[in-house]
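K.L.:
sequence plus predicted model, see below.
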Amino acid sequence: MLDIKFVRENPEIVKENIRKKFQDAKLPMVDRVLELDEKNRAAITEASTLRASRNTLSKQIGMLMGQAKKDPSKLEEAEKVKAQVKANADRLAELEKLEEEYAAEIHKLMMNIPNIIDPSVPIGPDDSANVEVQRFGEPVVPDYEIPYHTEIMESLNGVDMDAAGRVSGNGFYYLMGDIARLHSAVLAYARDFMINKGFTYCIPPFMIHGNVVEGVMSQTDMDAMMYKIEGEDLYLIGTSEHSMIGKFIDQIIPESSLPQTLTSYSPCFRKEKGAHGIEERGVYRIHQFEKQEMIVVCKPEDSMDWYEKMWRYSVELFRSMEIPVRQLECCSGDLADLKVKSCDIEAWSPRQQKYFEVCSCSNLGDAQARRLKMRVKGADGKTYLPHTLNNTVVAPPRMLIAFLENHLQADGSVIIPEVLQPYMGGTKVLVPKK
């Protein structure tokens, strides 16, 4: 969410940013916000004047009532002033109601006006205009067939989609045996990887209040993703970033404690509505999965440095597991409204002979901080808004697709990279059961 003062002083910059994001339907929102803001400030000014005059008029009434004991004509004058006080009070109540209505509509509109994107973001209408920046590791297509990922898992007695369908419906799964162990091993390795980078490990709440949801994501994303607990002000998290950033809601953070660098484990729950639905078979898009996440809360001047570090951590993690990846810069039209800049890390799929998303790194500037009323108290005693960033460390079971495809051998066995072997009890290879 932008600062209303910035919109007031830079309406054309805000409109041009909307055009760059190919959201022209939102252009009238800027003019409406400016109109409401002018009315609101006029109402506030008039209300302040009325409040200031209230004490003066009250004193005048007291003086006239005192004089009325000697001069009865003063009583009539006092009644006139009382009538003025009553009229002022009625008008003040009307103005306060208007202020509330103006502020609510301004807030609603501001929540839908996109954040100002970084000048380095490529301009394009949708993800087809995303730009490959660089590759890490050589993508290989073996001279033997790579089965669909669930077929690899089934050969290891590692997945049961039919039972999950009976128990929970489409979009769920049972992971079994070596695949379940591999799933946990990857998460444990990712946890230790981030701890070794200096991040503090955290297990957050898996349900959050509505005001936190509103603070960390757009209404559109919320409706498409979040499961609400019926009858309660609680939502199941779609990613632990939501509760991790929410940890700082309404807080004043000492500048000396920055940067806050946290890595968290959580299950995640998503509706997966719309075009990115669960029509993709297997465990690619599902309603429930587990994830290791990283978030940073930092000084504004440090956020781009952290952005660079964070996506590189993802690359380093995947390369340590011998999985080829690439960095894909997200274009303006593919950026969620809160984001200043974002990139995806995509893993190589030998079966599809293309890359697919496994991590997403985002710099949100001060948008989440403003929504959540997070502030930093500087050495000079003044407060300012921090910047927030987030990035996927690893999200199995999707990550397992890349893992299994890249480590599958011609005989159907799966090689375990050296870094994961300690988390697999020393196992070096998974052998097909059927």
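P.N.:
That came through fine.
K.L.:
burial count for residue 165?
P.N.:
14 (other CB atoms under 10 Å). Placement of C-beta: from N, CA and C, glycine included.
K.L.:
what's the answer for residue 170, then?
P.N.:
14.
K.L.:
am I right that it is in a strand?
P.N.:
No: checked against DSSP: H, G, I helix; E, B strand; the rest coil, residue 170 lies outside a strand; its state is coil.
K.L.:
next, it: phi, psi?
P.N.:
Backbone torsions for residue 170, taken as degrees, to the nearest 10, come to phi -70, psi 150.
K.L.:
with residue 174 instead?
P.N.:
phi -110, psi 130.
K.L.:
what of residue 115?
P.N.:
phi -60, psi 160.
K.L.:
does residue 328 lie in a helix or a strand, and which?
P.N.:
Assigned by DSSP states H and E, residue 328 belongs to strand 325-329.
K.L.:
now for that strand, which elements pack on it?
P.N.:
strand 131-136, helix 303-320, strand 341-349, strand 354-363 (3 or more CB pairs under 8 Å, 6 or more residues apart in numbering; DSSP states H and E).
K.L.:
could you export these as a markdown table, including mean neighbour count and mean pLDDT?
P.N.:
Listed next are those as a markdown table, based on neighbours: other CB atoms under 10 Å; pLDDT from 0 to 100:
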| stretch | mean neighbour count | mean pLDDT |
| --- | --- | --- |
| strand 131-136 | 13 | 97 |
| helix 303-320 | 19 | 98 |
| strand 341-349 | 24 | 97 |
| strand 354-363 | 20 | 96 |
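K.L.:
can I get these in TSV with distance to residue 154?
P.N.:
Shown next, in TSV, are the helices and strands packed on strand 325-329 (distance: least, CB to CB, whole Å):
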stretch	distance to residue 154
strand 131-136	31
helix 303-320	25
strand 341-349	18
strand 354-363	21
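K.L.:
which one of these lies nearest to residue 268?
P.N.:
strand 354-363 (12.8 Å; CB to CB).
K.L.:
would you list the phi and psi of residue 392?
P.N.:
Per degrees, to the nearest 10, the backbone of residue 392 is at phi -70, psi 130.
K.L.:
could you do residue 375 as well?
P.N.:
Backbone torsions for residue 375, taken as degrees, to the nearest 10, come to phi -140, psi 160.
K.L.:
what residue ranges in the chain are flagged as low confidence?
P.N.:
Of all residues in the chain, those with pLDDT under 70 make up the ranges 55, 58-79, 81, 219-220, 273-281.
K.L.:
what about the helices in it?
P.N.:
4-9, 11-20, 27-67, 73-110, 149-155, 161-167, 177-195, 210-216, 219-225, 240-246, 303-320, 367-372, 398-407 (DSSP state H).
K.L.:
please name the residues that touch residue 400.
P.N.:
With contacts defined as CB atoms under 8 Å, 6 or more residues apart in numbering, residue 400 is in contact with 149, 153, 179, 182, 183, 186, 283.
K.L.:
which residue is the nearest non-sequential neighbour of the second one?
P.N.:
Of all residues not flanking residue 153 in the chain, residue 159 sits nearest, at 3.9 Å (CB to CB, 6 or more residues apart in numbering).
K.L.:
again with the last one
P.N.:
Leaving out its chain neighbours, the residue that sits closest to residue 283 by CB to CB, 6+ apart is residue 397, at 4.2 Å.
K.L.:
isn't the one you found right next to residue 173, touching?
P.N.:
Yes: between residue 397 and residue 173 there is a contact at 7.0 Å, judged by CB atoms under 8 Å.
K.L.:
who has more neighbours, those two?
P.N.:
Shown here are residue 397 and residue 173; by other CB under 10 Å, residue 397 has more neighbours (25 against 22).
K.L.:
identify the residues contacting the more buried one.
P.N.:
By CB under 8 Å, 6+ apart, the neighbours of residue 397 are 173, 175, 183, 283, 286, 289.
K.L.:
mind running it again at 7 Å?
P.N.:
175, 183, 283, 289 (CB atoms under 7 Å, 6 or more residues apart in numbering).
K.L.:
could you do residue 84 as well?
P.N.:
Here residue 84 is in contact with residue 57 (CB under 7 Å, 6+ apart).
K.L.:
can you check the one 4 residues further on too?
P.N.:
Residues in contact with residue 88 (CB under 7 Å, 6+ apart) are 50, 53, 54.
K.L.:
returning to that earlier point: which of the helices and strands packed on strand 325-329 sits closest to residue 384?
P.N.:
Between residue 384 and those, the shortest gap by CB to CB is with helix 303-320, which sits at 12.8 Å.
K.L.:
burial count for the residue lying closest to residue 384 once chain neighbours are set aside?
P.N.:
Nearest residue to residue 384, sequence neighbours excluded (CB to CB, 6+ apart): residue 376, at 5.6 Å. If you count neighbours by other CB under 10 Å, residue 376 ends up with 24.
K.L.:
separation between residue 376 and residue 178?
P.N.:
According to CB to CB, to the nearest Å, residue 376 stands 47 Å off from residue 178.
K.L.:
residue 407 too?
P.N.:
Residue 407 is 13 Å from residue 178, by CB to CB.
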